[in-house]
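Q: Sequence first, predicted coordinates after that:
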Amino acid sequence: MSPLNKQQLDQIREERREQIKQAALKIFARHGYAGTKTSVIAAEAGISEGLIFRYFKSKDELFTALVQELLEEARKETGNAQLLPGSPVEQIKAFTEDMLDENNKFAFMFMLRARKEGIIPEEAARILEQNPVDSLLKHLLPVFINGQKSGQFSAGDPLKLLSWYIYMVNSLIVEEVEQEEHGMPSADFLMRVLMK
């Protein structure tokens with residue numbers, strides 16, 4: 001068996017780093033920064049705790065890296081909302097379905113907890129302060145306003161209506177209602193809140 005070349009080693013390192021981040025995302029999302037131990041992240045990732053520190057200097061660095069990456073992804077997603085195919089209703093529905101998607105829910109849970117928690121790493125707090133929630137919502141506003149103009153969405157202050165809607169969806173995600181007896185409502189059902 002021949003030794004791995006640099007490209008293969010880099011790929012293995014990147015896959016391991018991603019494995020750690022995904023495990024950390026789930027644990028931080030459910031337990032918050034203060035309630036999370038690196039030993040629990042390691043158990044979720046199926047690795048030794050020491051291996052985490054080969055990829056991240058500290059729990060702070062891991063948490064901050066997640067905040068940074070998720071905000072970048074959110075900017076891309078909300079920035080591209082107007083480019084999604086279909087009517088404003090279909091565009092907001094696609095965004096809602098993305099929020100409810102099993103693969104994305106921990107990202108939304110994580111960001112909500114990060115914004116509400118009293119104690120998080122200083123660098124993460126600074127990044128969040130520079131990226132208020134309203135700045136991301138403003139990317140969705142043109143879509144919503146177009147929907148109001150075309151008579152698809154209810155009249156009223158678009159920023160308030162959209163903010164309330166996103167808050168409602170986020171609350172369902174944080175409560176993990178899909179695990180309860182009645183499950184998560186569909187995007188179509190949730191969209192009725194916005195419809196005229």
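A: The structure has been received and is ready for your questions.
Q: Leaving out sequence neighbours, find the closest residue to G151.
A: Counting by CB to CB, 6 or more residues apart in numbering, K196 is the residue found nearest to G151 once chain neighbours are left out, at 6.0 Å. (C-beta placed from N, C-alpha, C; glycine too.)
Q: correct me, but that neighbour touches S154?
A: Yes: with contact defined as CB atoms under 8 Å, K196 counts as touching S154 (5.2 Å).
Q: Now S163: closest residue in space that isn't a chain neighbour?
A: Closest to S163 by CB to CB, 6+ apart is L137, at 5.9 Å.
Q: how distant is the one helix or strand L25 maps to from the center of its chain?
A: Secondary structure here is read from DSSP states H and E; on that basis L25 sits in helix 6-31. Between the mean C-alpha point of helix 6-31 and the mean C-alpha point of its chain there is a distance of 16 Å (CA atoms, centre = their mean, to the nearest Å).
Q: Okay, buried residues for the helix or strand just after that helix please.
A: Once helix 6-31 ends, the next helix or strand along the chain (criterion: DSSP H and E) is helix 38-45. Within helix 38-45, the residues that qualify as buried by neighbour count (16 or more other CB atoms under 10 Å) are 38, 40-42, 44-45.
Q: mind exporting helix 38-45 as PDB, just the C-alpha atoms?
A: Output of helix 38-45 as PDB, limited to C-alpha atoms (Å, rounded to 0.1, in the frame of the first residue of the first chain):
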ATOM      1  CA  THR A  38     -15.700  19.300  23.700                       C
ATOM      2  CA  SER A  39     -16.000  15.700  25.000                       C
ATOM      3  CA  VAL A  40     -19.600  15.700  23.900                       C
ATOM      4  CA  ILE A  41     -18.700  17.100  20.500                       C
ATOM      5  CA  ALA A  42     -16.100  14.400  20.100                       C
ATOM      6  CA  ALA A  43     -18.600  11.700  21.100                       C
ATOM      7  CA  GLU A  44     -21.100  13.000  18.500                       C
ATOM      8  CA  ALA A  45     -18.300  13.000  15.800                       C
END
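Q: Kind regards, and thank you for your time.
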